[in-house]
Structure formats: structure tokens, C-alpha cells
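K.L.:
whatever this is, show me its structure:
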Amino acid sequence: MLVNPWDTWQLGLYQRVDSLKDPEASVDESTRKKAALVLIDDLAAMVAAIDEPELRALSASSPRVSPGAECLHVNGTKSGRSWAAFVNAVAANWHELDEGYRPVPCHGGLYTLPAVMAEVQAAGGPLNDVYRGLVCGYEVVTAYARLFPAPRPLALHPHASIAAMGAAAGVATVRESRGSVVEVSTSIASTLGVLGPFSHATEGKLVRNAWAGQGAVSGFHAVELALA
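P.N.:
Numbering: from 1, shown residues only. Presented below is the predicted three-dimensional model:
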């Protein structure tokens, strides 16, 4: 029987992250240290953007866009989880340090962490859930980024095109999803990417800061679609 290389690759990826679905799973010490560096890097970038007028305006729009008090924005405002993830991901873009992974353009924590933080806070979960979701989302999105590297010279920005995949995998993991929900969520999210011209980043167009936020929101949508 012929073995499909694509199926084999996907099976290996989702087997690697499968144990993270268990709420009792603990991330090994080496991985936890690396995840902590990613977490601190992105949180620092969020905090650095607190006083940006655009961020204050986005937070202030919460009653119109996402009323509720499930989750905190980094500046202390509260809203529903998806808008909190959006605002915090935009904030993380503002003074980003491009945490972690270097072999391919990816920045896997930028959109994964805000979505996972919001999901864990809304559920009242522990810090270990943040680690589980962050590590899964980061592993999944960087794996796909390595398999399908962006053509050079860069025309489309990865923050736009692959962000939803990391967010979806992370949120699905935090929800203790059994079976293929993480895989299906990620597959759906791969079709929800945004077309973000790389030139927008180099020219300083501020919409570039919204791509990771939109990816975080689309990650939530992908999980709901998978569960449906």
C-alpha cells in the first residue's frame, strides 16, 4: 500500500502535540523555559504599546464591538474574549521583538499567545493552560511555515497569512479538545488567512499591526466551526 507523504507528515505533527490536550499534561522543563521567553517577549511588547493612541481607541470601542467583561486588554479594559485577543495582538505588534523562531518568517507567539491568554482567562484556567496552548499553537504554525516557506522576495506577510492557524491550534488545545479537533481547526484556519502585502510592513502602514489580531479572532472562529 502506498503511503501518502502528506498524511504521514500531518500524523507526525499532531501526534507530537496530542498530549498537550490533556489538562494534566505538563510541558517539559526545556520547552517550558523557551515558552516562557516567548510569553515574556510578547507580553513586554504588549505593555510597551499601552499608551499608543490607536490602542486606546481600539480598547475604547469594546462596548460597540464586543461588550462583556470576560477578559482583560493589556491596558486594563475588559471585553469579550475575541476582541481582547484582537487588541492584545495588535499591541504585541507595535514594538515587537520577533520572538523565538528564526529559520522561517513566522513569529508564532504573536497571534497564538493573545488568543490562548483570552481563552484561559475566560475559562478561569491556570497558567499551565497558557503554556499548553502556546506550545501547541507555536509548534503547529512553525511546522507549516517550515513545510511551506514563503517565496522570496517576500510578497505576502506571514502575520497575515498563517496567524489564524497558530491561534486555532492553541485555543483548541486549551479547550481540551479530543480527537481531531486541533487538526480540523487548524485546517479550517488555513483557509481564513488574510492577504497582507509585505510592503505594508516596510512602508509603515498601520494595518500591518492588525493582521495578527485578525488571525487571533479567526482562530476562535475556526475552532467553533470545527466543533460544529
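
K.L.:
when you work out contacts or count neighbours from here on, use the C-alpha atoms and nothing else.
P.N.:
Will do.

K.L.:
which stretches in this protein count as helices?
P.N.:
5-18, 29-48, 53-60, 62-65, 81-94, 109-123, 127-147, 158-161, 163-174, 181-189, 198-202, 211-227 (DSSP state H).

K.L.:
which strands or helices does the fourth one pack on?
P.N.:
Same thing as helix 62-65. Judged by 3 or more C-alpha pairs under 8 Å, 6 or more residues apart in numbering; DSSP states H and E, the packing partners of helix 62-65 are strand 78-79.

K.L.:
how about residues contacting the strand it packs on?
P.N.:
Strand 78-79 is touched from outside by 62-63, 66-73, 84, with contacts defined as C-alpha atoms under 8 Å, 6 or more residues apart in numbering.

K.L.:
could you redo the last one with a cut-off of 10 Å?
P.N.:
Contacts with strand 78-79, where a contact means C-alpha atoms under 10 Å, 6 or more residues apart in numbering, come from 59-63, 65-73, 84-85, 87, 118.

K.L.:
which residue, other than its chain neighbours, is closest to residue 167?
P.N.:
In this structure, residue 167 finds its nearest non-sequential neighbour in residue 112, 4.2 Å apart by C-alpha to C-alpha, 6 or more residues apart in numbering.

K.L.:
out of the helices of the chain, which is the most enclosed?
P.N.:
helix 163-174 (a mean of 35; mean count of other C-alpha atoms under 10 Å).

K.L.:
now do that helix against helix 211-227: the angle between them, please.
P.N.:
50 degrees (axes from the mean of the first three to the mean of the last three C-alpha atoms, to 10 degrees).

K.L.:
show the average pLDDT along helix 163-174.
P.N.:
Helix 163-174 carries an average pLDDT of 97.

K.L.:
got the CA positions of it in PDB?
P.N.:
The C-alpha trace of helix 163-174 is given here as PDB (Å, rounded to 0.1, in the frame of the first residue of the first chain):
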ATOM      1  CA  ALA A 163      -1.800  33.700  12.000                       C
ATOM      2  CA  ALA A 164      -5.200  32.000  12.300                       C
ATOM      3  CA  MET A 165      -3.500  28.600  12.300                       C
ATOM      4  CA  GLY A 166      -1.500  29.200  15.400                       C
ATOM      5  CA  ALA A 167      -4.400  30.800  17.200                       C
ATOM      6  CA  ALA A 168      -6.800  28.000  16.300                       C
ATOM      7  CA  ALA A 169      -4.400  25.200  17.400                       C
ATOM      8  CA  GLY A 170      -3.800  26.900  20.700                       C
ATOM      9  CA  VAL A 171      -7.400  27.600  21.500                       C
ATOM     10  CA  ALA A 172      -8.500  24.100  20.500                       C
ATOM     11  CA  THR A 173      -5.800  22.700  22.800                       C
ATOM     12  CA  VAL A 174      -6.900  24.800  25.800                       C
END
